[in-house]
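# Provided below for reference: sequence and predicted model.
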Amino acid sequence: MATGKQYISYLSEQLSSLDGIVFRPMMGEYLLYFRGRLAGGVYDERLLIKPVPSAREYIPSAEDAIPYDGAKPMLLVDNTDDKEFLCGLFIAIYNDLPEPKTKKKNG
């Protein structure tokens, strides 16, 4: 089941107090970036984030979830109704997220 635009609109509203949240469509699902860093994604209408140490500390009860066959496990965020919690999560994990890879110039 692909993620619908309505669910992305809902998550966008929940995260609206944060600058730098971007959802990028990818094969019927969405990658989620925060301030230029890949933070997770939305798969089958489930918000999944990278299992960085700060995410595990922020939501120690989070379950691992597989976004798609063959992918590494991510953390399922099931408390998407609490805006303060959700925004706090992204602020908490930002420093643990990998920096974007720089593209090499041909020449």
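All right, it came through fine. Residues are numbered from 1 along each chain as shown.

# so where does the closest residue to residue 39 other than its chain neighbours fall, helix or strand?
Of all residues beyond its chain neighbours, the one nearest residue 39 is residue 32 (5.2 Å), with distances taken as CB to CB, 6 or more residues apart in numbering. The C-beta positions use only the backbone N, C-alpha and C, and glycine is treated the same way. Under the criterion DSSP states H and E, the helix or strand holding residue 32 is strand 29-34.

# can you check residue 91 too?
Element membership for residue 91, per DSSP H and E: helix 83-93.

# Only the buried residues of that helix, if you could.
The neighbour-count criterion (16 or more other CB atoms under 10 Å) identifies 86, 87, 89, 90, 93 as the buried residues of helix 83-93.

# pLDDT wise, what is the last one at?
The per-residue pLDDT reported for residue 93 equals 98.

# who's in contact with it?
The contact partners of residue 93, by CB atoms under 8 Å, 6 or more residues apart in numbering, come to 34, 39, 49, 50, 52, 54, 55, 58.

# if we can go back for a sec, looking only at pLDDT, what's the mean for the strand holding residue 32?
Per-residue confidence for strand 29-34 averages out to 97 on the pLDDT scale.

# Pull the residues that contact whichever helix or strand comes after it.
From strand 29-34 onward toward the C-terminus, using DSSP H and E, the following helix or strand is strand 37-43. Outside strand 37-43, the residues within contact range by CB under 8 Å, 6+ apart are 3, 7-8, 11, 23, 26, 29-33, 47-50, 67-68, 74-75, 77, 90, 93-94, 97-100.

# got the buried residues for the helix or strand just after strand 37-43?
Proceeding N to C from strand 37-43, the next assigned helix or strand is strand 46-49, under DSSP H and E. Neighbour-count burial for strand 46-49 flags 46, 47, 48, 49 (criterion: 16+ other CB under 10 Å).

# quick one: the strand holding residue 32 to strand 37-43, angle?
Relative orientation of strand 29-34 with respect to strand 37-43: 150 degrees, computed using axes from the mean of the first three to the mean of the last three CA atoms, to 10 degrees.
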